[in-house]
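Chemist: Mind folding the following:
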Amino acid sequence: MTFTVSDLRALRLTSNEWNSLMHMGEAEPVIDDMHMLVLAGLARRVAVRNPHDDTDVRWLDEWDLTDAGRAACNAIDMIFDWDTFALACDEDETESFTEIIKLGPVHVPMFV
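Modeler: Coordinates of the predicted model:
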């Protein structure tokens with residue numbers, strides 16, 4: 001699997017999330033960044049497995065790269081200007097999640 005700049009841009013990840021991907025295992029991860037990387041298919045959360053029936057017993061606060069995550073790391077390691085693919089977001093954004101997510105005619109807060 002090889003990522004192009006367009007493929008990386010399509011993942012809609014911020015510079016912080018890309019940075020978390022590049023430095024997995026080096027420092028304490030930012031949980032929100034890791035969740036976005038899991039949703040993007042670039043990382044997976046590690047689970048303790050039951051050796052008898054190979055089912056998940058419990059989740060750990062550890063993550064591994066997927067094959068796509070390794071390919072993305074290789075791709076962004078070769079790019080100097082991350083602004084070409086990283087999603088730009090306003091750090092001072094005041095709009096809450098409840099304003100962003102509106103369901104039907106009634107506005108239901110999704111995040112409380």
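Chemist: Wait, residue 3 touches residue 70, no?
Modeler: No: judged on CB atoms under 8 Å, residue 3 makes no contact with residue 70 at a distance of 10.5 Å. Every C-beta, even on glycine, is put in place using the N, C-alpha and C of the backbone.
Chemist: Tell me which of the two has more neighbours.
Modeler: When neighbours are counted by other CB atoms under 10 Å, residue 3 comes out ahead of the other of residue 3 and residue 70, with 19 against 14.
Chemist: Walking through the chain, point out its strands one by one.
Modeler: Per DSSP state E, the chain has strands spanning 43-49, 56-65. These are given in chain order.
Chemist: Out of the ones you listed, which one sits most buried?
Modeler: When those are scored by mean count of other CB atoms under 10 Å, the highest mean neighbour count falls to strand 43-49 (a mean of 15).
Chemist: May I have the residues that are in contact with residue 14?
Modeler: Neighbour list for residue 14: 86, 87, 88, 89 [criterion: CB atoms under 8 Å, 6 or more residues apart in numbering].
Chemist: Show me the beta-bridge partners of the residue lying closest to the third one once chain neighbours are set aside.
Modeler: Nearest residue to residue 88, sequence neighbours excluded (CB to CB, 6 or more residues apart in numbering): residue 14, at 8.0 Å. For residue 14, the beta-bridge partners are residue 87 (DSSP bridges).
Chemist: Can you tell me how far residue 14 is from residue 51?
Modeler: Applying CB to CB, to the nearest Å, the value for residue 14 to residue 51 is 39 Å.
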